[in-house]
Each structure stands twice: as structure tokens, then as C-alpha cells.
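Chemist: just coords:
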Ligand SMILES: [Zn+2]
């Protein structure tokens, strides 16, 4: 049985598909106006781990992840996409297409299994308009003084039960969309449809209430209800989305259907890098391309992530990524000995139990280390290959073979001669020359080892 930490329940709980077969998952996707940093990627990995764990629990999965290419408001009128488009001198669609491509590439580099559907906000405006009309009919939405449509938070009695932010405790100005807004009836109401200013020419659509654009929260409700219906077994996202995004989404979806649509909200915790929160404002942003530029396998980042559980805050740094890179190379080397002879079933059992126990990846990885000590080469190799179905580290890939240049081999031979003649000065200067080619020499009882620096 798969168990995960449910944010609303504040407890680890059993997860199974309502229909007994296919676990329906909705994952909050990226707003494609910039490259996702490694903290965002850790959140996207959570959905992949759930998909792979579901396989160990013998469930199928169906995953929907939205691409926000419109409507992610910085405040009630600025759109992140449009702002970036202005900055780069491109159209909003060009910006969205560019950053979406990077998003898919980054996910592929991390062996994140693609979602079954990637709906785009800009292509599902009609779904949002229908949902907003339904909310109007049911009395959960109203037209504000500026002609925009707002969700009436007070009409949804259970508001706050996901995040704990009850309406009576929310003060005006505590929300992402800023201070008291005269256009709304109540400060915690949020825009479902914003009437566009005349100056806005991009990302605007006609609606029964006038030309405008959707709010961000309504997008996820419209898409999840359309693609998954009124049962979403698991909804994933970063912990920062719990409020207001997920609280508002829950209100919209439940108000529209009269049902508790999302059965379990699962959140990934923040990632720190070198002890600091990753944010553009502090200049502390690390991208997957930075990891690759430093010469690391992108899957080293995946292993580094899995060394912490998804719901613990993780403090990542370059040493951790480097160590993970070394580890992957070692395991790839060892996995070459795989023969299909099999391995003791208790290792499979222990690994599976830790994975299914709220994705306890650090302990699952510890089982690998135990097996490494206890099993013979062939059995451990077979265990690695099996475990990699979940780990996704391409352990069956041959380790990188570095060819040692002829010149280096000659220098090593010269150095061996110098050492035999006890010419230590000459030997040291040859060592420096070899280092100049990017190689290190190490003298071992079995001879001289040459490795890339
Ligand atoms: Zn969302």
C-alpha cells in the first residue's frame, strides 16, 4: 500500500485509486516565463516519484500537468508572461514556447516520466469561462465594481481547511494580490476573470463579462475537472502553492461540483542552496544547465534530491551534487556485472517498503548501500538494475570511459623511470606536466593509476 503525507489531514495516509485501478494525479505545472530552477525541479520530481511508486504498488497512473502561459498575475493587472515579454522584446507566445521547451528538456534530463497530458492555459480559456459561468449560476461568484468576476470566499464555508488560513484570521493585504481592492466585496475574494485595460493587446479574450483574461487559480480547477473529472486522487505541488493557490482551487472545484474533488494534497518542501532560499531577488538561483556546465551528470541532481525525503526542507550544495555524481558512476560500473541471476528477495521487499512508506527515498537508498556490502558482484548488479526502475538513474548505462592520450602515457612511463632512478625532482615535475593534460597519477602497490582530474 502506498502511503503519503496529506497536507489537509496533516498525517501520512493510505493512497489508492478511487476506481481501484488508475491513480489520477494533477500536478501544478510551471509558469513558462523563466527557466525553472533546481528547487522547482525538485517539486516536479515528486510527481515522478509518486508515479514510479504507484507502479511498485501495482496501480496505473494518469497525470495531468498544466502549462501556465497566461494569467499568472503578479498583482491584479500585471501578468508575469507579459512582463517578461516586454523585458525580452518578444511576444508572450514566443516567451511561453521558449521556456516551455526548456521545461520539457530539463524534465527529460532528470528522467522525469512525462505527464499524460500537458494542457495550456491559453488553449483552455473556454473551459475556464464555462467554469466561471457555473460558479456565477451557483452564487459563488459575482461581478465586481470594475466589471471583473470574483470568487466570493465567504460563500464557501470550508475555506481555509487545507491551509489553516481561515477567513476570519486573514487580514486585508495578506494575500499575493496585494492590498485592499475596492473592486471586490471582500478582501479575500480573488479574480476569476479580469477585465483587461484597453492598453493590453496580448493574451486577451472575449467573455460574457467583457474582454479580459483568466485568474491563475481558476486555470487549475478548469483543467483538472475537464481532464480528470470530479475525482482527483492526488494533487501535487510545491509547499508555497498550498496557500492561496490550492486553497482557492479547492474552493472553486468543490463549489462547482458539490464534492470534495481532490482526495489528497501532497506538497514538496522548499529547497535551499548553500543555506539560502533560492530566489532571483537574492541572486541565489541554480539551474540544471549550471549543474551540467560544471561537468556533472544531470542525474546526479536526481540522486541528490532523493537523498532527502520530498517533504523535508533540503539544503543542497555543490559537494552533495559532486558526491552523488561519483556515486552514480560507481554504481554504473558495478551494474555492468549484471547477469540476470537475481538477488535475494528481502532486498526488493525492504526497498519497496521504504518507497511506499511516504517515499522514504533516503532509507531506500540505504538498502542499496547495505546490499552493496552484503551481496556478491552479480547479485548486487542485478539488484541495482531492478532498483533503477524506481531510482531512474540510468544505472545500466556504461560508465564514461576516458581515453588517456598517448602523450600522457609517455609521460607516465618517463615518470616511472625517474622514480626507479630515485629522481624525485624529475618525477614531481613530470607529475605536474601530466596534470597539465588534466590527469592525476597515483602510485599504488599494483602500479601507477592514471585518472582524470
Ligand atoms: Zn495549480
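Modeler: Alright, I've got the coordinates. Fair warning: this is a prediction, and the values are worked out from it, not measured in the lab.

Chemist: what residues does the stretch 201-350 of the chain have near the ion?
Modeler: Within the stretch 201-350 of the chain, the residues that sit near the ion (C-beta under 5 Å from the ion) are residue 220. (C-beta placed from N, C-alpha, C; glycine too.)

Chemist: how does it look with 8 Å?
Modeler: Proximity of the stretch 201-350 of the chain to the ion (C-beta under 8 Å from the ion) is limited to residues 216, 217, 219, 220, 237, 241, 245, 246, 249.

Chemist: need those residues in TSV with secondary structure, can you?
Modeler: Listed next are those as TSV, based on DSSP: H, G, I helix; E, B strand; the rest coil:
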residue	secondary structure
216	helix
217	helix
219	helix
220	helix
237	strand
241	helix
245	helix
246	helix
249	helix
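
Chemist: ChimeraX command to pick out the buried ones of those residues?
Modeler: Filtering those down to the buried ones (16 or more other C-beta atoms under 10 Å) takes a single ChimeraX command:
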select :216,217,219,220,237,241,245,246,249
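
Chemist: quick check, nearest of the residues of the stretch 201-350 of the chain next to the ion to residue 344?
Modeler: Taking C-beta to C-beta as the measure, residue 344 sits nearest to residue 237 out of these, at 38.4 Å.

Chemist: would you turn the residues of the stretch 201-350 of the chain next to the ion into CSV with pLDDT and distance to residue 299?
Modeler: Written out in CSV, the entries for these read as follows (pLDDT from 0 to 100; distance: C-beta to C-beta, whole Å):
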residue, pLDDT, distance to residue 299
216, 87, 32
217, 93, 34
219, 94, 32
220, 96, 30
237, 97, 24
241, 94, 26
245, 94, 30
246, 96, 30
249, 97, 32
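
Chemist: surely residue 318 and residue 294 touch.
Modeler: Yes: if you go by C-beta atoms under 8 Å, residue 318 and residue 294 touch, sitting 7.1 Å apart.

Chemist: and for whichever residue of the stretch 351-453 of the chain sits closest to the ion, the neighbour number?
Modeler: Closest to the ion within the stretch 351-453 of the chain is residue 359: 20.8 Å, counting by C-beta to the ion. Residue 359 is flanked by 24 other residues according to other C-beta atoms under 10 Å.

Chemist: closest to residue 112 among the residues of the stretch 201-350 of the chain next to the ion?
Modeler: Nearest member of those to residue 112, counting by C-beta to C-beta, is residue 237, at 15.0 Å.

Chemist: low pLDDT regions in the chain?
Modeler: 71, 73-77, 173-180 (pLDDT under 70).

Chemist: can you show me the helices along it?
Modeler: Listed in chain order, the helices of the chain (DSSP state H) span 38-56, 80-88, 92-109, 125-137, 216-228, 247-257, 288-293, 298-306, 318-335, 345-356, 361-374, 377-391, 406-420, 424-436.

Chemist: go through the shortest one and flag the buried ones.
Modeler: Spelled out, it's helix 288-293. 288, 291.
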